[in-house]
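Enquirer: Sequence and predicted structure are below.
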Amino acid sequence: MDEKYLDNLKKCSRCGGCQAHCPLFSATGREPYVARGKVELLDHVRSGNLQWNDKLAEIFSTCLLCGSCAENCPNGVQADRLVMMCRKELVADRGLPIIKKNIFQHLLKYNGRLNAMGILLYLYQKTGVQKLVRTSKVLELMPMDLARIETLLPPVAGRSFRKTVPFLNPVDHPRLRVAYFTGCVTNLISPHVGLSVLRVLQANQVEVVIPEQYCCGVPAFASGDFATGSFLGQANVREFSRYPVDYIVTDCASCLSTWLAYPEWLESQGADQLVPKIMDINRFLVEVLDIKLNPQELGIKVTYHDPCHLKRTTGGKSAPRELLKRLSPAYEFVEMGLADRCCGSAGSFNLSHYRLSQKVVAPKVKSIEESGAGLVASACPSCLMQLNHALRNNESPVQAKHVVELVANVM
Ligand code: SF4
Ligand code: SF4
């Protein structure tokens, strides 16, 4: 492991301050899951007292990479980065679990296969097979909480977003030209979010190009498969370098944070030049376009959930809130108590650790309900899936929507 990451081991004073900020520690009370516990274990691995084994692999896979410990650590220990590098080392040492290996290496790299999977899921939901599967309870017999994980999936679109929109979306007298990185969830599951992004940008005289693109790589990087993550990142850099644009925008916090890490994780000159152009759609609408809205009164209270991958980026906390304030009086923004607490989605954490992720999201659901809002907005399609799932399970009438959907709604 690179010395710059190992420095974190020396910096940790074992003060335990991270316990108060770790959503997994709140949910489990277990020391190995908190930053201090992981640092201690890794110290033993480095000094040869411990060897990587199944139990350690399970402990290091149990981290949301939410960065809350790092943000609040008095000694600047970046435990989330350290965990990622441990996962990389584990993959080099022991390989990937078979399911992840197949998904990352035989699905994520191929857009055609991803689109085909989207169609299969659509048919599964639309032809009555899903109903049959649920009624028969056959998934209850499967391992890994498959029956519950299956319920995470919202209605899937029959055609992917990028298959329904052209490469070039022109406007008369464009102010700016942007490339849109859609992310996999918007592309395959939530095309309405992509349509909202297009609508808002075009209404503000922004020409939008949607280049050929791949998964940003976050599921692979977060699981330690840097080879697949780098393959995908380099493909994205190559495709986006082909079009001269003023900015690259994305509606996905996880994709944004992965793009921001490309210069560190990819050995590619192009990444350095492209990355300064990437921007979260909320920040782009507020800071670059400074959009003006004049909405009619709807009287709907809306609160906001901070995606972990957005809140520490420039404007990541302020821009979505500023947009929500500009939606008044259609939507009245109210802050919730636990706005910046991780929702437990964490890329694919809610798939690999379903029950624990539901424990993590429980206080968030309570906080949303206590805010009195009828809607919770956010800026990450994965968080929205997790929040809608948890709200449904809690029989809450509150719905989770992307901020840009609300903006498009008042235009
Ligand atoms: S990671 Fe930071 S907060 Fe946690 S024990 Fe170490 S020094 Fe203290
Ligand atoms: S990154 Fe989040 S989940 Fe992981 S140890 Fe830190 S606070 Fe806990």
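Expert: On my side now, so go ahead. If you're wondering where the values come from, they're calculated on a predicted model, not measured in any experiment. Ligands and ions are numbered 1, 2, ... in the order given.
Enquirer: My guess is Leu201 contacts Ile210. True?
Expert: No - assessed by C-beta atoms under 8 Å, Leu201 is found out of contact with Ile210, at 11.0 Å. (C-beta placed from N, C-alpha, C; glycine too.)
Enquirer: do you know how far the residue in the stretch 51-200 of the chain positioned nearest to ligand 1 is from Arg81?
Expert: The nearest approach of the stretch 51-200 of the chain to ligand 1 comes at Cys73, 3.3 Å away (C-beta to the nearest ligand atom). Relative to Arg81, Cys73 is positioned 12 Å away (criterion: C-beta to C-beta, to the nearest Å).
Enquirer: Can you check the pLDDT for the closest residue to Phe167 other than its chain neighbours?
Expert: Spatial nearest neighbour of Phe167, excluding adjacent residues (C-beta to C-beta, 6 or more residues apart in numbering): Ile210 at 5.8 Å. Reported pLDDT at Ile210 in the predicted model: 97.
Enquirer: is it true that Ile210 touches Thr164?
Expert: No - applying C-beta under 8 Å, one finds Ile210 not in contact with Thr164, separated by 10.5 Å.
Enquirer: For my notes, confirm Gln19 occurs in a strand.
Expert: No - Gln19 is assigned helix when assessed by DSSP: H, G, I helix; E, B strand; the rest coil, not a strand.
Enquirer: picking up where we left off before, residues contacting the residue nearest to Phe167?
Expert: For Ile210, the contact set (C-beta atoms under 8 Å, 6 or more residues apart in numbering) comprises 162, 165-167, 169, 179-180, 182.
Enquirer: What subset of those is buried?
Expert: 162, 165, 169, 179-180, 182 (16 or more other C-beta atoms under 10 Å).
Enquirer: will you turn those residues into TSV that also has distance to Asn53?
Expert: Formatted as TSV, the buried ones among the contacts of Ile210 follow (distance: C-beta to C-beta, whole Å):
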residue	distance to Asn53
Arg162	42
Val165	48
Asn169	52
Ala179	45
Tyr180	44
Thr182	40
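Enquirer: in stretch 39-57, what's buried?
Expert: 39, 41-43, 45, 56-57.
Enquirer: who's in contact with the nearest residue to Cys73 once chain neighbours are set aside?
Expert: Spatially, and ignoring its direct neighbours in sequence, Cys73 is nearest to Cys18 (6.1 Å; C-beta to C-beta, 6+ apart). Going by C-beta under 8 Å, 6+ apart, Cys18 touches 25, 34-36, 69, 72-73, 77, 79.
Enquirer: Tell me the spatial nearest neighbour of the closest residue to ligand 2 within the stretch 201-350 of the chain, not counting adjacent residues.
Expert: Using C-beta to the nearest ligand atom, Cys342 is the residue of the stretch 201-350 of the chain that sits closest to ligand 2, at 6.5 Å. The shortest distance from Cys342 to any non-neighbouring residue, by C-beta to C-beta, 6+ apart, is to Cys66 (3.9 Å).
Enquirer: so the one you found, which of the three states?
Expert: Following three-state DSSP, Cys66 is assigned to coil.
Enquirer: tell me the pLDDT at Asn53?
Expert: We have a pLDDT of 89 for Asn53.
Enquirer: and it, what are its phi and psi?
Expert: Backbone geometry at Asn53, expressed as degrees, to the nearest 10, gives phi -150, psi 180.
Enquirer: circling back: can you count the residues close to the residue nearest to Cys342?
Expert: As a burial measure, Cys66 scores 26 neighbours (other C-beta atoms under 10 Å).
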